[in-house]
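Undergrad: Sequence plus the predicted model coming up.
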Amino acid sequence: GAVVSQHPSWVICKSGTSVKIECRSLDFQATTMFWYRQFPKQSLMLMATSNEGSKATYEQGVEKDKFLINHASLTLSTLTVTSAHPEDSSFYICSGVRQGANQPQHFGDGTRLSIL
Amino acid sequence: SQQGEEDPQALSIQEGENATMNCSYKTSINNLQWYRQNSGRGLVHLILIRSNEREKHSGRLRVTLDTSKKSSSLLITASRAADTASYFCATDATGGSNYKLTFGKGTLLTVNP
């Protein structure tokens, strides 16, 4: 078990559009979810930590008004890229964690975002 | 900043050979985890090794941890073409935010049939 579904897997849209990405834990409750950004041939860069029912904690340099995160339930977190521009094009990946010591993160399959 | 540093950055081997990847880190940790990422996909958790463990096995995978040297290794035995992927180590730092991981830069493993 421990499946995370991320949707959509791929999106192309025009500059200025807002894009919402969903991350769902299908068979477990994810008290904490993470959002990452990954550039080609590079490692994951943590954008923010999302805890159910509270405000997300953003990493330094990540604009919280640009990347809106909502974690309304124990199985769903959303990332909205507002007024997206070409420089926001990237691969976005979410993960969820069960509560408890020494728990691994379980990742979605990522969303490839292309802004024209 | 990235704490984990894997080496080599890229590794190319023949099917059937063993592949060894190393990871170094800088701070005290609760655990160290290894993940695999196929091109264009999310990460798949492979093994978690706790700071008080020295070795762990899972199928063809063997992970070691040396906290005195702040290093870990991942050994894949009898490799297959399907093992071709990027492999990342990630550390859960002591005293850090709950569950937050710091990922290394990864090793790109290519297994040639």
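TA: That came through fine.
Undergrad: any residue of the helix-or-strand element of chain B with minimal mean pLDDT up close to chain A?
TA: Taking mean pLDDT, DSSP states H and E as the measure, chain B has strand B:5-7 as its least confident helix or strand, at a mean of 78. No - Strand B:5-7 lies out of reach of chain A by Cβ under 8 Å from any Cβ of the partner chain, never closer than 9.1 Å. In this view, the C-beta of every residue, glycine as well, is placed from N, C-alpha and C.
Undergrad: Thought residue A:90 was touching residue A:39, still the case?
TA: Yes - Residue A:39 lies in contact with residue A:90 (Cβ atoms under 8 Å); the separation is 6.2 Å.
Undergrad: quick one, which of those two is more surrounded?
TA: The neighbour comparison of residue A:39 against residue A:90 (other Cβ atoms under 10 Å in any protein chain shown) goes to residue A:90, with 19 against 11.
Undergrad: what residues are up against that one?
TA: In this structure, residue A:90 makes contact with A:37-39, A:113, judged by Cβ atoms under 8 Å, 6 or more residues apart in numbering or on different chains.
Undergrad: Any idea which residue of chain B lies closest to chain A?
TA: residue B:42 (3.8 Å; Cβ to the nearest Cβ).
Undergrad: what about the residue lying closest to that residue once chain neighbours are set aside, how many neighbours?
TA: In space, and not counting its chain neighbours, residue B:42 is closest to residue A:107: 3.8 Å by Cβ to Cβ, 6 or more residues apart in numbering or on different chains. By other Cβ under 10 Å, 24 other residues sit near residue A:107.
Undergrad: How confident was the prediction at residue A:107?
TA: In this prediction, residue A:107 carries a pLDDT score of 96.
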